[in-house]
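K.L.:
I need the structure of the sequence given here:
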Amino acid sequence: MLLPYISATAPKREKDAKKRIVITGMGVVSVFGNDIDTFYQRLLAGHSGAGSIDRFDVSKFPTRFGCQIHDFDSSGYINRKQDPRLDDCQRYCIVAGKKALEDAGLGGSELSKINKSRAGVLVGTGLGGSTEFFEGLEAFNERGYKKVSPFMTLYTLPNMASGLLAMDLGFMGPTYSISTACASSNYSFCAAANHIRDGVADLMIAGGVEAPFNPITFGGFVALNVLSQRNDNPQTASSPWDRNRDGFVLGEGAGILVMESLDHAMKRDAPIIAEFLGGAINCEAYHITSPRPDGVGITSCIQRSLLNAGVSVEEVNYINAHANSTKVGDLAEITALKNVFKDSSRIKMNATKSMIGYTLGACGGMEAIATIKAIQTGWLHPTINHFNLEPEVEFNIVANRKQQHEINVAISNSFGFGGHNSVVAYQTTSFVVG
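P.N.:
Just a heads-up that it's a prediction; the model follows:
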C-alpha cells in the first residue's frame, strides 16, 4: 500500500543523540583499489573498471569480461597463516572493515577506546564464499571427499565474513550476515542502525561484500542471460538508462561503514563525516528477478524510507540509483522515482554501477561510500556510457561528466533478486554538528 504524499509536514528528525546514527569511517575494496579517495577520484574521472577476466578460463562463455579486482593485497590486515585458507569474500570484508576502523580513528591500539561487548559486525553478502564452494566441488569430483578442504563448509557460509572480522577485532556485540542479494548492504545498514537505536550497541561495522568470479557463479549469471555480451568494447558495456544497454557487468568488492550513535561518537571525539537518517525495506512479491513494471514496490519503499528518516520529498535532491543496466529494472526504478518526486528538475541522479559493475551484495556498501563522498566534496561522479538516453528518464543523470552539486539529503537505492527493495537516506555533517 502506498503512503500519502510526504511533504514538508513529514515527522521531525530524531533529536536524541543516543539514537541518531552517524558515519565515522569508511572502507572499500574495489576494482579501483582499496583507498577511499582514490576510489572516488576514479569515479569522478569516469573511469570504467571493466576488462578481461583472467581468474579462470572464459573462452567458451558468451561474456568474457567483468569488473574483476586484480593484484589484491591484504598485507598488514590478515594473518599470513590464515590468509591462504580464506575465500576472497572474507578477505575483502576483513580488509575493508579494518580500513573503515582506521578511517574512524580506531586503528590498532585505538580500539581500546570502545567497549567491545557493545560493538558488532553486520556485513551482508549475496553468495558468501562461492569460490571456496566451487573449489571444494572440483576437488570432490576429481579426487573424492577426502580431498575436500575441512574449511570448505565454513568459508562458504555467508556469515563467515562478519564472524571472522569480529573474531579478529574481539567485537562481541550483534554479529551476523544478511543475505538479500543485491540489497544486502542497505538491509545491513538499517539493521545496524536499529541495534544502536535500541541501545544494544554503541558502534557497528556494517556494509556488504561479494567475490563472485569463479566458473560456477559466473556461469550461472550467463545462464540467466542477464550479462552484457559487449566483448569487443567492455568499458562501454555497463550503460544504465541507455537505450542500447544489453545487460549488466558483474563486479566484486566490499563497501563498509562504521556507524555509531552521535552520543558515542562525540564522547570519543570521532571524525563525523555524515549522518544516516534512516531507511526502509520491503518485498516486491512479484517475480524472482524482475520488479513490478508500475514501480509500486519501489515507490512504497522510497516513501517509507523518507518517513523513517523524517525527510520530506522536497528535501531530497540527490539519488544514487540502483540502475543496474537491465532493460526492465532501470525503467521500473525510474517509474517509481517519478511517482515520488514530481519535480525531477531539481534532482540529480547517477549510477555508480556504470563504472564498477554490479557488485551484488556489496552494491549498497560501495554506493554508500560514493554517496557520502559526494556529500563531502560537492562533486557527483558521472553516469558513463550515455549515448542515447531512454526518453522516460526525466532526471539529470550526470551523463558522462562529473557535476558540482550541493547535496541537502541523499538517498541510495538497492534492489535484489527475490524482490528485496531497500532505500536509505544520508545527510551532511553540517546538520549533525550545527
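
K.L.:
For Ser177, which non-adjacent residue is spatially closest?
P.N.:
Of all residues not flanking Ser177 in the chain, Asn159 sits nearest, at 4.2 Å (CB to CB, 6 or more residues apart in numbering). Where C-beta positions appear, they are placed from N, C-alpha and C, glycine not excepted.

K.L.:
Now do the same contact list for that neighbour.
P.N.:
When the contact criterion is CB atoms under 8 Å, 6 or more residues apart in numbering, the partners of Asn159 are Gly128, Tyr176, Ser177.

K.L.:
How about the contacts made by the last one?
P.N.:
Spelled out, that is Ser177. By CB under 8 Å, 6+ apart, the neighbours of Ser177 are Leu122, Val123, Gly124, Thr125, Gly128, Pro158, Asn159, Met160, Ala161, Ser162, Ser184, Ser188.

K.L.:
Now, the contacts of Asn159 that are in strands?
P.N.:
Secondary structure from DSSP state E places Tyr176 of the contacts of Asn159 in strands.

K.L.:
Can you list the low-confidence ranges for the chain?
P.N.:
The chain contains residues with pLDDT under 70 at 1-11, 430-434.

K.L.:
any idea where the helices of the stretch 301-434 of the chain begin and end?
P.N.:
For the stretch 301-434 of the chain, applying DSSP state H, counting those that start in this stretch gives helices covering 327-340, 353-356, 363-377, 429-433.

K.L.:
Next step: the contacts of Ser177 restricted to helices.
P.N.:
Met160, Ala161, Ser162, Ser184, Ser188 (DSSP state H).

K.L.:
close enough to count as contact, the second one and Gln90?
P.N.:
Yes: checked against CB atoms under 8 Å, the pair Ala161 and Gln90 is within contact range at 4.8 Å.

K.L.:
who's more crowded, the two?
P.N.:
Comparing Ala161 with Gln90 by other CB atoms under 10 Å, the one with more neighbours is Ala161, at 34 against 30.

K.L.:
what's in contact with stretch 377-391?
P.N.:
Counting by CB under 8 Å, 6+ apart, 40, 43-44, 46, 48, 236-244, 318, 323, 330-331, 334, 348-352, 354-355, 370, 374, 397-407 sit against stretch 377-391.

K.L.:
Quick one: end-to-end distance for that stretch.
P.N.:
Distance between the boundary residues of stretch 377-391 (CA to CA, to the nearest Å) amounts to 30 Å.

K.L.:
Nearest residue to the middle of the protein?
P.N.:
Most central in the chain under CA atoms, centre = their mean is Gly364, positioned 2.0 Å from the mean C-alpha point.

K.L.:
Quick check: that residue vs Ile23, distance?
P.N.:
13 Å (CB to CB, to the nearest Å).

K.L.:
Contact partners for Ile288?
P.N.:
Taking CB under 8 Å, 6+ apart as the test, what Ile288 contacts is Phe417, Gly418, Gly419.

K.L.:
swap that for Ser238, sorry
P.N.:
Ser238 touches 48, 50, 67, 228, 248-249, 325, 353-355, 357-358, 384-385, counting by CB under 8 Å, 6+ apart.

K.L.:
Strands of this protein, residue ranges please.
P.N.:
So, for the chain - with DSSP E - the strands run 21-29, 51-52, 65-66, 119-124, 175-176, 203-210, 253-261, 274-283, 316-320, 348-350, 379-380, 403-404, 409-416, 420-427.

K.L.:
In a markdown table: those, plus mean neighbour count and distance to Gln82.
P.N.:
As requested, the strands of the chain are arranged in a markdown table below (neighbours: other CB atoms under 10 Å; distance: least, CB to CB, whole Å):
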| stretch | mean neighbour count | distance to Gln82 |
| --- | --- | --- |
| strand 21-29 | 27 | 17 |
| strand 51-52 | 12 | 30 |
| strand 65-66 | 27 | 27 |
| strand 119-124 | 30 | 17 |
| strand 175-176 | 18 | 18 |
| strand 203-210 | 35 | 17 |
| strand 253-261 | 31 | 17 |
| strand 274-283 | 22 | 32 |
| strand 316-320 | 23 | 34 |
| strand 348-350 | 25 | 38 |
| strand 379-380 | 22 | 39 |
| strand 403-404 | 12 | 44 |
| strand 409-416 | 27 | 30 |
| strand 420-427 | 27 | 32 |
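
K.L.:
In CSV, list those along with distance to Val340.
P.N.:
Shown next, in CSV, are these (distance: least, CB to CB, whole Å):
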stretch, distance to Val340
strand 21-29, 23
strand 51-52, 37
strand 65-66, 33
strand 119-124, 25
strand 175-176, 31
strand 203-210, 24
strand 253-261, 25
strand 274-283, 12
strand 316-320, 9
strand 348-350, 12
strand 379-380, 20
strand 403-404, 22
strand 409-416, 10
strand 420-427, 10
